[in-house]
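In: Quick one, what's the 3D model for this:
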Amino acid sequence: MTEEKLQNLLRDLMSAEEIGLNEDDVNDLAGELQGKARTFSDHGVLTNNKGIVVEFEDGSEFQITIVQSKGSRLTLNSKRKPMAIRKKSKEFKKPVIDLTGPEGNAFCLLGKASSLAQQLGIEPQPILDEMMAGDYEHLIQVFDKHFGQYIDLER
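Out: Predicted structure coming up:
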């Protein structure tokens, strides 16, 4: 997969009705986009931006950053048909941090807490201070108290 090919596939899928693609054409395009996609946060990309990392079977990997244009207005086009991309699972699966691996390091957990707090619109410093006010077990308990509904910790 190349940058240009991915760009064109996404453009064509998102403009399928406008450019006159039929359902078979859309399914063919969607088939070419089969890969593993994870959010920046799940993939561990250190950024405040929203986006996804897409990995394809040929080993190519792409980062797609999502930024809403300033001044844009969101509108719904009731004539537009739903896309023909299947969902893998209907149930939400929380990300898991393995405390015995590198993500379980206290500094990694502090960084993750800061990032999550910012994403949730919460001031991170009070949480970080509370996490650092004790030993490692205390740090884990505070992390779980604030972010346990979003992330599972496992040993």
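
In: Please count neighbours and contacts with C-alpha atoms only from this point.
Out: Fine.

In: center of the chain, which residue is that?
Out: Most central in the chain under C-alpha atoms, centre = their mean is Thr39, positioned 1.7 Å from the mean C-alpha point.

In: which residues does that residue contact?
Out: Thr39 is in contact with Lys50, Gly51, Ile52, Val53, counting by C-alpha atoms under 8 Å, 6 or more residues apart in numbering.

In: With distance to Val67 and neighbour count added, can I get those residues in a markdown table?
Out: A markdown table is the format used below for the contacts of Thr39 (distance: C-alpha to C-alpha, whole Å; neighbours: other C-alpha atoms under 10 Å):
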| residue | distance to Val67 | neighbour count |
| --- | --- | --- |
| Lys50 | 7 | 15 |
| Gly51 | 8 | 18 |
| Ile52 | 12 | 20 |
| Val53 | 15 | 19 |
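
In: and the two most separated of those residues?
Out: Lys50 and Val53 (10.4 Å; C-alpha to C-alpha).

In: Pull up the overlap in contacts between these two.
Out: Residues touching both Lys50 and Val53 (C-alpha under 8 Å, 6+ apart): Thr39, Phe40.

In: Quick check: can you list the domain ranges of this protein?
Out: 3-66, 96-154 (automatic domain parsing).

In: okay, the ones you listed in JSON lines with mean pLDDT next?
Out: Below are those laid out as JSON lines (pLDDT from 0 to 100):
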{"stretch": "domain 3-66", "mean pLDDT": "82"}
{"stretch": "domain 96-154", "mean pLDDT": "93"}
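
In: Look up how far His138 lies from the residue nearest to the centre of the chain.
Out: Here the criterion is C-alpha to C-alpha, to the nearest Å. By it, Thr39 lies 28 Å from His138.
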